[in-house]
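A.B. asks: Sequence and predicted model, in that order:
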Amino acid sequence: MGKQCFHQVLIYLRAAAFSISIYITLAPIALVIYLYRLFVIIICQILRPELGSIVTGVDALFINPDNQKSSSIILTCFVVNNIVSEHRVREIFEQRVLRLKDLNGNLVYKRLCQYWVNVLGYSFWKTDDNFDLRNHVRKYDYNNCNLPIPTDEPALKLVLPKLVDLPWGRNKSHWEILIVDSYKLNYLSSETTSKKGSLIIFRFDHFLCDFSSIIGIFRTLFQSKFNTPALGRNDRALSFLQRTRLALTFPYEVFKQSPFNKKRKCICSRKARSNLIYDVSDNIPVSAIKSIKDTNDVDFASVIQSAVNASVCRCLQHNGKTPNTIDILSAFPVSKHPGGLCNYATTILEDFPLQFESSERRLHETSEVLKSISKNRGPITTFYLLQVLAFLPSTVINKLVSSTYKLRPSFFISIVPTTSSTEYFDGGEILDAFFVGTVIGNTGEQDTSKKSSNLKYG
C-alpha cells in the first residue's frame, strides 16, 4: 500500500513538473495571443459598434471559414400524425420561442436572430437587422433535394445526407424548420385516424447550439414534457483541491488525450462529405436492451456502445482486417446546462474493444472502458481545453481541429438523450423521430434516435 501511494505521488510530481515546463514555454505565446485578441475586441467596439460579443468557448470550434457553410450540422426530424402547416408552426414559434425572455428581460433564444462575422481572424456575433421568420420556418422548398409528395421514410433517408451540405443564406442565422405536410405513416397510433401525417425537419448549425439546447426549444415550442434521462456519466463536480490539482497537471492531462500520443485511426477518412450515407436499424425494443443490461450487470450505455462496435467489427471483417480495439470520439453533455442556445458539452477520445471471441466478453470490456472514463479526468480536461482553444483566431482553430481529425478518431458516436414520454405538437402525436449529426472534417458518425418505446440506430 505504501509503495503504491509513493508511486502515485511520483507520477503526480512528474506530471506537475512536465506541466510547469509547458506553462513556462507557452506563456510568452499565450500573452501575445491574449493581447492581440484584446486589441481586436477594442477595435470592433470603436469601429464596428453594431457587432455583439466575441464568439467564445466551444462555439468557436464549430465556425466554418465560409460563413455560408457549416462545419457541423444537427438535423432532427419529427413525424406527426396530423397535418401541420408552415403558417401554424411559424405562428407558434414566434409566440413561444422568439419572444421568450428570462428573468432579466433578455431574449432566451437571441441567437436565432444572429450570425457570425469575421474581423481580423476572430468571430463576432451580429444580429440580423432584416430578420424575417419566413426565411427560417417554411414549407420544404429545396428543389435540388427533392422529396416526393407524399413522402416516406425511404425517400427521407436518401435526402437527409444531402441536407447536411446545403449552404445557408448570406447574413442569416444558420437554422431552419422545414415542413412537409404529406408524409406516409408506417403505422398507426391509438389516436391516428389517417394514414398520412406531417414531417417537421429542424436543421441547426452546431455553431449555434448543442442538442441539449435544441431539446429546450422542443419543450418550449411543443409545450410538451420531452422527459429525458437524468445525466449520469460525466456528472461530477470538482472540489477546490481537485481543480487545483487539475490546473497543475493540465498540460500533462491534455498530452494523454492527444491523438499524437495514441495509435492512428483504423478506418480511413471519407474523401469528400458528398458521399454521406444515412440509414437506421429496425426497431429495437427497449425491454430487450434492459434485459441484456440486467443479465450482464452493465449499464444501458454499455449495451448500446457494444452493439455499435459489433456492427463496425462485422463491416471491417469484410475487408479482411479487424483490429482488437478501435479509437472512438464520444460526446458527453456537461451537467448544469445554462439553457438557451449554447454549446455546453465535452468529448473523450478512447480505445474501445472491437474483436472478441464472444459478444459477452466485448460487452463487459466495453463496460470497463466506460467506467474508467467516468472516473478519469479526460472529459473535464477536454472541456477546459476547448475553452482555452477558443482564444485562438477562428481560422487557426478550424485548421487545428480538422488536422487532428485526420489522425483520430476512426468514428464518432453521440448517444443523444431520447424521451421517455409521449410527445405532442399542436394536438398531434409525434410518432417517429430521426437524428443526423456531422462533425468537423471527414470523420464518420453513429447516432441514436427514438420511436415510441423502441430505439433505432443510424
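C.D. replies: Perfect, thanks for sending it.

A.B. asks: quick one: the strands in the stretch 51-200 of the chain?
C.D. replies: With DSSP state E, counting those that start in this stretch, the ranges of strands along the stretch 51-200 of the chain come out as 73-80, 114-119, 122-127, 137-139, 175-184, 196-205.

A.B. asks: Buried residues of the third one, list them for me.
C.D. replies: To tie it back to what came earlier, the one meant is strand 122-127. Neighbour-count burial for strand 122-127, counted by 16 or more other C-beta atoms under 10 Å, picks out 122-126. C-beta: built from backbone N, CA, C; applies to glycine.

A.B. asks: Show me the two of these that sit farthest apart.
C.D. replies: Using C-beta to C-beta, the pair of the buried residues of strand 122-127 lying farthest apart is 122 and 126, separated by 12.7 Å.

A.B. asks: if I look at these two, which residues touch both of them?
C.D. replies: Shared contacts of residue 122 and residue 126, defined by C-beta atoms under 8 Å, 6 or more residues apart in numbering, are absent.

A.B. asks: Okay, domains of the protein per the record?
C.D. replies: Split into domains by automatic domain parsing, the chain comes to 57-229+423-441, 240-414.

A.B. asks: Can I get the ones you listed in CSV including mean pLDDT?
C.D. replies: Shown next, in CSV, are the domains of the chain (pLDDT from 0 to 100):
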stretch, mean pLDDT
domain 57-229+423-441, 87
domain 240-414, 81
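
A.B. asks: Adding distance to residue 14 as columns, could you present these in a markdown table?
C.D. replies: What follows is the domains of the chain, written out as a markdown table (distance: least, C-beta to C-beta, whole Å):
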| stretch | distance to residue 14 |
| --- | --- |
| domain 57-229+423-441 | 30 |
| domain 240-414 | 8 |
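
A.B. asks: Of all the ones you listed, which one is nearest residue 44?
C.D. replies: When these are compared by C-beta to C-beta, domain 57-229+423-441 sits nearest residue 44, at 5.6 Å.

A.B. asks: Run the chain-centre distance for the closest one.
C.D. replies: When C-alpha coordinates are averaged (C-alpha atoms, centre = their mean, to the nearest Å), domain 57-229+423-441 and its chain have centres 15 Å apart.

A.B. asks: same thing with stretch 32-44?
C.D. replies: Worked out by C-alpha atoms, centre = their mean, stretch 32-44 lies 30 Å from the chain centre.

A.B. asks: Could you do stretch 331-351 as well?
C.D. replies: 8 Å.

A.B. asks: For that stretch, list every residue counted as buried.
C.D. replies: 331-334, 337, 340-351.

A.B. asks: for stretch 378-395, same thing?
C.D. replies: Of all the residues in stretch 378-395, those buried under the rule 16+ other C-beta under 10 Å are 378-386, 389-394.

A.B. asks: Keep only those of those residues that are in helices.
C.D. replies: With DSSP state H as the criterion, helices contain 378-386, 389, 394 from among those.

A.B. asks: Kindly indicate which of those lies nearest residue 74.
C.D. replies: residue 386 (17.4 Å).

A.B. asks: correct me, but the closest one touches residue 56?
C.D. replies: No - assessed by C-beta atoms under 8 Å, residue 386 is found out of contact with residue 56, at 10.4 Å.
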